[in-house]
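> sharing a model prediction with you, sequence too.
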Amino acid sequence: MKPEDTIDFHIRWAWYNISRMYNMQASKFGGSMAIAITILNIEKDGTPSTKLAPKMGMEPRSLTRMIKTLEDNGVIEKRADKDDKRMVRLFLTKEGKKLRKQATNIVMQFNQKIREEIPDKELEKCFNTLNKVNQIIDKNNIF
């Protein structure tokens, strides 16, 4: 079987191209795709640091380093939760909000371009298929 005949080849190829494109755009602002995804996943009312890694599909160790860097660079700040002082919430600073707006614009441009080129019915089929792939992986624990 040739690599291009496998399902994962096409998923990895698309993700590689998306990742490369986003990293090129993020580098214009001194960031990376991973930083942009982190910023995009921090909610207005703050996000518990423990909820961010699973939300992003990252290992907590990797995210901890990134959070430290973002905090050192003044992009986010940590605050104790109002109700549960044991919990730490992450909030965007003024600089973080500015970067989030730029990241949002890039994501919106990408999505608009894709939607101009690929009909909604095809995208819906793609989403359904990818959801099924994820369900099969989750359900069957293949390996």
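Yep, it's here.
> got the contact list for the spatially most central residue of the chain?
Nearest to the mean C-alpha position of the chain, by Cα atoms, centre = their mean, lies residue 37 at 3.5 Å. Contacts for residue 37 (Cβ atoms under 8 Å, 6 or more residues apart in numbering) come out as residue 56. The way it works is simple: take the backbone N, C-alpha and C, and place the C-beta from them, glycine included.
> all helices of the protein, in order?
Ranges of helices within the chain are 7-27, 33-40, 49-56, 60-72, 94-117, 120-140, based on DSSP state H.
> give the buried residues for the fifth one.
Going by neighbour count (16 or more other Cβ atoms under 10 Å), the buried part of helix 94-117 is 96, 99-100, 102-103, 106.
> what about residue 71, neighbour count?
A total of 15 residues lie near residue 71 under the criterion other Cβ atoms under 10 Å.
> kindly report the same for residue 122.
10.
> relative to residue 122, how far out is the closest residue to residue 81 other than its chain neighbours?
The shortest distance from residue 81 to any non-neighbouring residue, by Cβ to Cβ, 6 or more residues apart in numbering, is to residue 87 (3.9 Å). The gap separating residue 87 from residue 122 is 42 Å, by Cβ to Cβ, to the nearest Å.
> one more: residue 137?
Counting by Cβ to Cβ - residue 137 and residue 122 are separated by 23 Å.
> relative to residue 1, which of the helices of the chain is closest?
Comparing the helices of the chain by their distance to residue 1 (Cβ to Cβ), the top pick is helix 7-27, with 9.8 Å.
> buried ones in that closest one?
22, 25-26.
> what about dumping the CA coordinates of that helix to CSV?
C-alpha atoms of helix 7-27 as CSV (Å, rounded to 0.1, in the frame of the first residue of the first chain):
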residue,chain,number,x,y,z
ILE,A,7,-6.5,7.6,5.4
ASP,A,8,-4.0,9.1,7.9
PHE,A,9,-1.8,10.3,5.0
HIS,A,10,-4.5,12.7,3.8
ILE,A,11,-5.4,13.9,7.3
ARG,A,12,-1.7,14.5,8.2
TRP,A,13,-1.0,16.2,4.8
ALA,A,14,-3.9,18.6,5.2
TRP,A,15,-3.0,19.3,8.9
TYR,A,16,0.7,19.8,7.9
ASN,A,17,-0.3,22.4,5.3
ILE,A,18,-2.8,24.1,7.7
SER,A,19,-0.1,24.2,10.5
ARG,A,20,2.5,25.5,8.2
MET,A,21,0.2,28.3,6.9
TYR,A,22,-0.9,29.3,10.4
ASN,A,23,2.7,29.3,11.6
MET,A,24,3.8,31.5,8.8
GLN,A,25,1.0,34.0,9.6
ALA,A,26,1.7,33.8,13.4
SER,A,27,5.4,34.4,12.9
